[in-house]
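**Q** No letters, just coordinates:
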């Protein structure tokens, strides 16, 4: 198993550009989520999905879109990047998404918006 | 909503000494409290967790205690080793309709000095 994989590892964008952060898992997990990590603020939930075709907003969803067409993939889209979106982004997955399920995190994508 | 505080933000200990990190949470409905270790350039990794019906849990050199009345929980690492150096995050979670609803603390950077 590769676990949770994320691409790219690092990206530089100009303000207003769009891009998609990729996330994939090969553990047949139903639940997937995206977090952003900023210095001194821990991880904050952006969007999550409990299965193919179902997504919902987390704590900080503005400026981000997601879709879940397959169980394996959960891409995060930035439609018009802003400097405030400079952060490290982590994708995570677990079996059911219940509070007792272990979340497995990907290695992260470091995004810099100029 | 839930708010999780974590102290200290940085902690330095001598190899072999113990380290304690404390977290407080605000939502009494939270019922799951995981701890994550994040090494440089990697995603967070679950190291131990505790449910709301348990007061203490141990796993070799790591232990977590929970005080539901006071709404705080702590991570204890005994006989610290240089490889314990990392950033540690606590989180408080509960079931929200469907999907997880974790709120993370801001993190503690632990340095174990040889």
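**A** Received, thanks. These figures come from a predicted structure and were not determined experimentally.
**Q** Can you name the residues of chain B sitting close to chain A?
**A** Residues of chain B found near chain A (Cβ under 8 Å from any Cβ of the partner chain) are B:4, B:6, B:9, B:31-32, B:34, B:36, B:41-46, B:49, B:51, B:89, B:91, B:93-95, B:98-107. For glycine as for every other residue, the C-beta is placed from the backbone atoms N, C-alpha and C.
**Q** who touches the spatially most central residue of chain A in this structure?
**A** For chain A, the residue nearest the mean C-alpha position is residue A:34 (2.8 Å; Cα atoms, centre = their mean). Going by Cβ atoms under 8 Å, 6 or more residues apart in numbering or on different chains, residue A:34 touches A:21, A:23, A:45-48, A:58, A:64, A:66, A:74, A:76, A:89-92.
**Q** One more pass at 6 Å, please.
**A** Residues near residue A:34 by Cβ atoms under 6 Å, 6 or more residues apart in numbering or on different chains: A:46-47, A:76, A:91.
**Q** Scan these and report the most crowded one.
**A** Taking other Cβ atoms under 10 Å in any protein chain shown as the neighbour criterion, residue A:91 ranks highest of the contacts of residue A:34 with 27 neighbours.
**Q** and it, what element?
**A** Residue A:91 is part of strand A:87-94, with elements assigned from DSSP states H and E.
**Q** Return the list of strands paired to that strand, each annotated with direction.
**A** Partners of strand A:87-94 in the sheet, by DSSP bridges, are strand A:31-37 (antiparallel), strand A:104-105 (antiparallel), strand A:109-113 (antiparallel).
**Q** Go through the contacts of residue A:34 and name the one nearest chain B.
**A** residue A:91 (8.4 Å; Cβ to the nearest Cβ).
**Q** I'd say that closest one and residue A:21 touch.
**A** No: taking contacts as Cβ atoms under 6 Å, residue A:91 lies outside contact range of residue A:21: 7.7 Å.
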